[in-house]
Structure formats: structure tokens, C-alpha cells
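> pasting a predicted model and its sequence here:
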Amino acid sequence: MSDDEVDHELIELLRQSLLGSKPNPDDITSDTKVLRHAEYIYNNSIDVNIDARGTRAAAQLIWSQMQLRCYSTETWSEHELHPKAKDEATLNFIFVMDLLNFSFWSEKPESERYAVEYRGQTWTGYWSLVACLQRALDEDIPITTPSFYADESECPDERIAYVFRSSTGEEIPMLQERITCLRDAGQVLEDTFDGSVANLVAAADNSAGKLVNLLAHRFSCFKDESIYEKRAVRIMKRPQILVADIWAAFNEESYGEFHDIDSITMFADYRVPQILHTLGCLTYSPPLDSTIRTQRPVDHGSSYEVQLRGCSIWAVELLRREIVRNNPGAKVNAILIDFFLYDLAKEKEKAGEPAIPHHRTRSIWY
Ligand SMILES: Nc1nc2c(c(CN[C@H]3C=C[C@H](O)[C@@H]3O)cn2[C@@H]2O[C@H](COP(=O)(O)O)[C@@H](O)[C@H]2O)c(=O)[nH]1
């Protein structure tokens, strides 16, 4: 654990012993701990390395590309399937989208994998999820309304299966887990936030960190943490991407106004680590490299997986620092770098560029 982490923990213990008070679990702080834990994972990794030279070179490439494309929060709404309105319906859409934003990869060949027909196109991966939600709304199924998806009689499992129906022989991965996420999260919203995502966001007092911690504290399916070298580490991929999507969709205003948005880290999924490797930022030990190239499963919570996730978060932090070092005053944060890297990965995939496979972890966390 880094010195900073040890200091933090000591101060907390000292505070509790002096004040004799355990922190009230409902005292939600704005400190997510994710970045410190990512640094700890990196400092204790042996199978994943961050290549200094590769990261320096990638930082220049990424920043020049981001400037060329005028990459900003506006880019989020420019994606064809993302909702454009700056209203509560869009907030509700983003909540359900990032509640279910996980595990789209398939073992099947491209032509047989789960896919969704919508607006005359075939969508796979993350975009298949967004397409299903848009298609349901077009069909007057209120799939983004908490009181609807919390209610099994109004919205039975079969209805949810219909919303996520496939245009191939493969159904959406982890359908049952997605149904459970919808029911559980819908119930928490009904019981604790009067059925309103806007109330949940308001409870964070415009703090991104507090909203991440609120999500992890109140919703079990957002509590993305693991054990690494006997210590609890917080990765928080979906709570953080939820906050980031709200921030971007609302262009830092309204529901998207957060005074500490730069405390949000990269989102540790399975796509961005792959592009970080392709760009020369990450290198793997021979056994891990072989596991990934032969597409063997990497169990959630395993040392390999936590190293991949933690080092990816830390690598994006180093990319951010390098960009700011070379371009003082640059308006850049981990979110925009991450969004850019995901979109770049998808562009390269579409262009058929060779790349190491992404790691195969099947889980609801990413
Ligand atoms: N780190 C990170 N992970 C992201 C995204 C996105 C999409 N974000 C949109 C919003 C703004 C951006 O500009 C994107 O247009 C999805 N994912 C994750 O990837 C995986 C899906 O991969 P594939 O099956 O190939 O589509 C899955 O774990 C999913 O959760 C991102 O941005 N960052």
C-alpha cells in the first residue's frame, strides 16, 4: 500500500479513537479511494507492467488525436444512439444503461454472436444495449422508468427478455443477472429515493465522488471491489461510468454539474485495457500474455484480473499527467481520455486492425 494510503488509514483510525466514533455508514464521503487503490495494485503487480516509453509516446498520440477531433463532453451526445435531450428522461436512460453496461463479449463467431437490429443497422457489444433501450422506448415499453422495471407484474421477466431480444441465435449474455439488477436497483430507487433517479443524484450534492460512494453503498450491484494481496481494493467501474455519462450527456450542467469530476478515474472494463496494450502502455508477463492470447477465462477477483483492472486505471492516470505536463492548462481528465480510448478501440476493431484479444472475464461488474 502506498505511503499515502497508509497515512490515510492511520488518520482515519486516529480520528475514530479520539472521537470515539465509528463513521456513520450513512456519512457518505466524496473520497472514492479508487485511484489510491489502483496505485497500490500497480505497485504490487508482477504480471502487468506500465511501459514508461510506450506511455509517453501514447500520450502525445492520444492528445493530438483528441484535439484533432475536438474531443469534449459534446462528443457523447454525437453518438447516434445516445439520447440528446437534456432532461430527466435522459437521466433515467443513463441510469438503466449503466446499471446493465457489462459483459457483451461472445464466444461465438461474429455472424452468430448476440446482435440487435435497430434503425436499419445491426448493433453488437455496448451499442446493442443502447439499441435495445431505444427500441423499447420506441415500442412504448417504459424500460427506463424505475417504478416499471421494479414491478414484476407490470414488467415480468418475459417482457425484459423481449426488450433484449436478439436478431441471432444467441441471447444477450447474463440475461438473468440483468433482470436481477433491474429489480434490485428499481426497488432501492422506489424505497429510498421515491422512485426518482433525480433524487439519487441530488443526494450527492454535486459531488461525483459522493455519488459513486452513494451508488456503491445503496446498490449492491454497483459495489465493484475486490481483494488484492489481502487488502480490499475499490475499482467502481459502473458507478464511475454512470457519473461520467451524466456529466458528459448534460455538458457539465444541470444533473451533470459536479465540482470534483476530475476525481473520477478510467473505467476498468475489458475493452480499454486491450487498447492500452495495443498502444504500448501495458505489457504482460508471459503466462498472462498466453492466457489472454489463447482466450482462456480470467476469473473475476483473480490476481490476473485485478492487476489488469488496477494497472489500466493507473496507466490512464499516467497518460493524463503526461498530457498535462506537456500541455499546461490542457482541459483533459481521465474520463475524456477513457471515452476516447474506448472509441479508438472500436474504430480499430471495425477497421480489422490486428490486436491482442481482450481478457475474458464474465461478470456483472464490467
Ligand atoms: N472504459 C470504458 N468502457 C466502456 C465504455 C463504453 C461506451 N461508452 C461510450 C460513452 C462515451 C464513449 O465515447 C463511448 O462512446 C462501454 N464500455 C465497456 O466496454 C465493454 C464493451 O465493449 P464492447 O463489447 O467492445 O462494446 C463493456 O465492459 C462496457 O461496459 C467507455 O467509454 N469506457
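Perfect, I can see it now. Residues are numbered from 1 along each chain as shown.
> now do the strands in the stretch 51-200 of the chain.
116-118, 121-123 (DSSP state E, counting those that start in this stretch).
> and the last one, what does it pack onto?
Applying 3 or more Cβ pairs under 8 Å, 6 or more residues apart in numbering; DSSP states H and E, one finds that strand 121-123 makes contact with strand 116-118. Backbone N, C-alpha and C define where each C-beta goes, glycine included.
> need the residues that contact the strand it packs on.
Applying Cβ atoms under 8 Å, 6 or more residues apart in numbering, the contact partners of strand 116-118 are 81, 122-124, 128, 131-132, 134-135, 165-167.
> what pairs with it, parallel or antiparallel?
According to DSSP bridges, strand 116-118 forms sheet pairs with strand 121-123 (antiparallel).
> tell me the mean pLDDT for the partner strand?
Strand 121-123 shows a mean pLDDT of 98.
> residues from the stretch 101-250 of the chain in reach of the ligand?
Taking Cβ under 6 Å from any ligand atom, the part of the stretch 101-250 of the chain that reaches the ligand is made up of 101-102, 104-105, 125-126.
> which two of these have the greatest separation?
Greatest spacing in those, by Cβ to Cβ: 101 and 105 (13.0 Å).
> for the residue of the stretch 51-200 of the chain found nearest the ligand, list the residues it contacts.
Per Cβ to the nearest ligand atom, residue 125 is where the stretch 51-200 of the chain lies closest to the ligand, at 2.5 Å. For residue 125, the contacting residues are 104-105, 346, by Cβ under 8 Å, 6+ apart.
> circling back to that earlier point, right, so the strands of the stretch 51-200 of the chain: which one is the most enclosed?
strand 116-118 (a mean of 19; mean count of other Cβ atoms under 10 Å).
> from residue 223, how far off is residue 134?
Taking Cβ to Cβ, to the nearest Å as the criterion, residue 134 is separated from residue 223 by 28 Å.
> need the contact list for the closest residue to residue 189 other than its chain neighbours.
Nearest non-adjacent residue to residue 189, counting by Cβ to Cβ, 6 or more residues apart in numbering: residue 146, 4.2 Å away. By Cβ under 8 Å, 6+ apart, the contact list for residue 146 reads 92, 95, 185-186, 189-190, 195-197.
> out of these, list just those in helices.
92, 95, 185-186, 189-190, 197 (DSSP state H).
> of those residues, which is the nearest to residue 263?
Nearest to residue 263 among the ones in helices among the contacts of residue 146: residue 95, at 20.4 Å, using Cβ to Cβ.
> if you skip the residues just before and after it, what's nearest to the closest one?
Excluding the flanking residues, the one nearest residue 95 by Cβ to Cβ, 6+ apart is residue 197, at 4.5 Å.
> go ahead and confirm the one you found touches residue 92.
Yes: counting by Cβ atoms under 8 Å, residue 92 is a contact partner of residue 197 at 5.3 Å.
> who has more neighbours, these two?
Set residue 197 next to residue 92 and count neighbours by other Cβ atoms under 10 Å: residue 197 wins out with 23 against 20.
> could you list the low-confidence segments of the stretch 201-350 of the chain?
Within the stretch 201-350 of the chain, not a single segment meets pLDDT under 70.
> which stretches in it count as strands?
Under DSSP E, counting those that start in this stretch, the stretch 201-350 of the chain gives strands at 225-228, 231-234, 282-284.
> quick one, which of the ones you listed is packed in tightest?
Of all these, strand 282-284 carries the top mean neighbour count, a mean of 21, counting by mean count of other Cβ under 10 Å.
> helices and strands around that one, which ones?
Going by 3+ Cβ pairs under 8 Å, 6+ apart, strand 282-284 lies up against strand 48-50, helix 272-278, helix 303-326.
> a markdown table for these, including mean neighbour count?
A markdown table is the format used below for those (neighbours: other Cβ atoms under 10 Å):
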| stretch | mean neighbour count |
| --- | --- |
| strand 48-50 | 21 |
| helix 272-278 | 25 |
| helix 303-326 | 22 |
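> relative to residue 233, which of the ones you listed is closest?
helix 303-326 (6.6 Å).
> narrow the contacts of residue 146 to those that are buried.
92, 95, 185-186, 189, 195-197 (16 or more other Cβ atoms under 10 Å).
> state the pair within those residues that is farthest apart.
Maximum distance among the buried ones among the contacts of residue 146 (Cβ to Cβ): 12.8 Å, for 185 and 196.
> check contacts around residue 313.
Per Cβ under 8 Å, 6+ apart, neighbours of residue 313: 34-35, 38, 41, 235, 265-266, 268.
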